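Novice: build me a structure from this.
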Amino acid sequence: MADLTAAPGTRSSATARILRVAGPLVELENTGRVAMNDLVLLGAARLPAEVVAITTSRVTVQAYEYTGGLAPGQTGRPLGVPVSARLSPDLLGGVFDGLLRPLTAAGDRLTPGAGANPAPGRGRRFTPAVVTGQQVPEGAVIGEAGAGGGPRPRILVPPGCGGEVTYVATEAEHPEEAVLAVVGGTEVRSVTSWPVRRPRPVRERVPAVAPLTTGQRVIDLLFPVARGSTVAVPGGFGTGKTVLLQQIAKWCDADVIVYVGCGERGNEMADVIAEFSELSDPRTGGRLADRTVIVANTSNMPMMAREASIHTGATVAEYFRDMGYDVVVIADSTSRWAEALREFGSRTGELPAEEGYPAGLASALAAFYERAGAVTTLGAGPGSVTVIGAVSPPGGDLAEPVTAHTERCVRCRWTLDRELAYARHYPALSWSHSFSRDASALAPSRAGRETAELRAAVSGLLAEADRLADLVDLVGIGALPAPERVSVLAGRLVREGLLQQSALSSNDAHCTPAKTAALADAVLTVVERCRSLVASGTPPEEVEQAGFTALLRAREEAGPDGTATVRAAGDAVLRALGELR
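Specialist: Predicted structure coming up:
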């Protein structure tokens, strides 16, 4: 949760007086020495607020909660520390609001000032990994906390510390606030805090060259993403953004998932929470929720908490990245985060830019996506944060500012197409308007080269089919030459037999790279046989009327790794085509 219990910092411990309350904006005087982004507690309810403007006589703060009842003359308490996230192993499996305050059950509502005195965590069993007298650097692992089906959280030496271990706790269950070790005179606990707007330090950033397998064929084959890369998912209303992102959260091979529902409808977030609590993790056999952190900042929650939720999610991801894990941050959606920035900018009198968004929108988006990356952690181990951000352009206008600025910051774009969605083709990912700059970086391995060859062949078939689509609408399929009729058929086989994927099918919701490659190879082999038949004089009408049902149904009849079933379906279609000779 937001660290509202931190002791006052050295900058200020004065009690300020409230001068004006204008919605979430509050002006104070007599604040002492404060800095931008410092935390202030307002009124008797101790409403959390953040410093956003400073003049010689006044300080303006933005409140993260409803300010009803707050009035001039009441007091505010600057803490002298920036707004921070309270990080602990108990985050895994939890559901939190935009300030990382726990939501323990569906329908819970936080009372004003909730989190000012957080309840202690449940405590976990600590297993030490160091001994007294050992020299350890910053970021080193001193032990593990807890056990279970999900990743085991590691207790690290805080950044900026290091030295001799003068005390280490025994292997036992310890309270959350217990001192687990003393390193170089610094006490190390399982709970820590970090300013949400400040990236956590690393030893170095390294090239992102390992693929992140999402389990979605159209992505893994045509538009792959590397661990530590960035993705934008633009799409209008009804194109299936939320379902696609939920599928990625459920099935991608990351160690930890941080799902940020930024301004989403409450019923959608309730469905996400319910599904994650019920699903089993295909990697561990435990609950999928055990390796997931959900930040549920819905549209009816305070606007400024929505603005903070994106930074909170990135901070949580970096916390687990520093343990040596691969983390995926899913932000749904950054458009509603940008709308919060616009609303805040209008209230502070900031000069608006395109469509009323603040002039610093591009910088804010870049700062968020910059927190992604594959790194060598301070403890000298590998880790990564992959950021996938949905964009909800009004009216599906992909030229609007949030979409345009986001595309400059990311390495992959998965554009969702309204026409595909209305044709019930899911995922409705447009192969003509999407791209992946990671594809070339993922190709050097043998498997990568083979996938690159399949990608090139499938992309060529789709491009040729798209080129002919308008012509077919004008003159009809019968007016086309035989080779081009096969190209139209090939496009249909690729779309229906390979790229479509049902999120409701137990066999097809998730697809391994082996099954994806088998499906692509089967489709390409069948298309090549069709071309050779037409070239040898077989009428294209007979080829089009051949039985392709086995191939088209293979994706749902074969299990997630059912390559043998896919090959059998392809062979059955080839035998049927052989009878046309």
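
Novice: if I look at the residue nearest in space to the middle of the chain, how far off is residue 203?
Specialist: Central residue of the chain (CA atoms, centre = their mean): residue 330, 1.6 Å from the mean position. As defined by CB to CB, to the nearest Å, residue 330 lies at a distance of 26 Å from residue 203. All C-beta spots, glycine's among them, are computed from the backbone N, C-alpha and C.

Novice: can you classify the residue nearest to the centre of the chain as helix, strand or coil?
Specialist: Under the three-state scheme (DSSP: H, G, I helix; E, B strand; the rest coil), residue 330 adopts strand.

Novice: give me the pLDDT value at it.
Specialist: On the pLDDT scale, residue 330 is placed at 95.

Novice: that one against residue 249, yeah?
Specialist: Yes: with contact defined as CB atoms under 8 Å, residue 330 counts as touching residue 249 (5.5 Å).

Novice: now list whatever residues contact both of these two.
Specialist: By CB atoms under 8 Å, 6 or more residues apart in numbering, residue 330 and residue 249 have these common neighbours: 257, 259.

Novice: next SSE downstream of the least confident helix or strand in the chain by mean pLDDT?
Specialist: Of all helical and strand segments in the chain, the minimum by mean pLDDT, DSSP states H and E falls on helix 266-278, at a mean of 78. As assigned by DSSP states H and E, the chain's next helix or strand after helix 266-278 is strand 292-298.

Novice: can you tell me how far the residue lying closest to residue 502 once chain neighbours are set aside is from residue 216?
Specialist: Among residues not flanking residue 502 along the chain, residue 508 sits closest, at 4.6 Å (CB to CB, 6 or more residues apart in numbering). Using CB to CB, residue 508 is found at 10 Å from residue 216.

Novice: more crowded one of those two?
Specialist: Just comparing residue 508 and residue 216: by other CB atoms under 10 Å the higher neighbour count belongs to residue 216, 24 against 20.

Novice: wait, doesn't the more buried one sit right on residue 248?
Specialist: Yes: contact criterion CB under 8 Å: residue 216 and residue 248 qualify, at 6.7 Å.

Novice: phi and psi next, for residue 142.
Specialist: phi -100, psi -10 (degrees, to the nearest 10).

Novice: chain center to whichever strand or helix holds residue 573, what's the gap?
Specialist: Counting by DSSP H and E, the element that carries residue 573 is helix 563-578. A distance of 38 Å separates the centroid of the chain from that of helix 563-578, by CA atoms, centre = their mean, to the nearest Å.

Novice: can you give me the helices in the stretch 151-300 of the chain?
Specialist: Remark: helices assigned in the stretch 151-300 of the chain by DSSP state H, counting those that start in this stretch are 217, 241-251, 266-278.

Novice: for residue 21, give the beta-bridge partners.
Specialist: residue 26 (DSSP bridges).

Novice: how far away is it from residue 47?
Specialist: For residue 21, the distance to residue 47 equals 11 Å [CB to CB].

Novice: what residues are shared contacts of these two?
Specialist: Contacts common to residue 21 and residue 47, judged by CB under 8 Å, 6+ apart, are 67, 70.

Novice: and the closest residue to residue 396 other than its chain neighbours, what pLDDT?
Specialist: Spatial nearest neighbour of residue 396, chain neighbours left out: residue 236 (3.0 Å); criterion: CB to CB, 6+ apart. If you check residue 236, the pLDDT there is 88.

Novice: same deal with residue 100?
Specialist: Note for residue 100: predicted pLDDT of 87.

Novice: wouldn't it be in contact with residue 83 here?
Specialist: No: taking CB under 8 Å as the definition, residue 100 is not a contact partner of residue 83, at 10.2 Å.

Novice: who's more crowded, these two?
Specialist: Between residue 100 and residue 83, residue 100 has the larger neighbour count (other CB under 10 Å), namely 28 against 25.

Novice: surely the more buried one forms part of a strand?
Specialist: No: secondary structure of residue 100 (three-state DSSP): coil, not part of a strand.

Novice: in the protein, what spans have low per-residue confidence?
Specialist: For the chain, applying pLDDT under 70 flags the ranges 1-13, 104-123, 147-149, 282-283, 445-446, 581.

Novice: domain map for it?
Specialist: For the chain, automatic domain parsing gives the domain ranges 16-82, 122-190, 204-436, 447-578.

Novice: quick revisit: out of the helices of the stretch 151-300 of the chain, which gets nearest to residue 173?
Specialist: Distance to residue 173, taken as CB to CB, is lowest for helix 266-278 among the helices of the stretch 151-300 of the chain, at 24.5 Å.

Novice: who's in contact with that closest one?
Specialist: 95, 106, 242, 246, 249-250, 259, 261, 287-289, 292, 294, 296, 298-300.

Novice: isn't residue 326 up against residue 386?
Specialist: Yes: shown here, residue 326 and residue 386 form a contact pair, counting by CB under 8 Å, at 7.5 Å.
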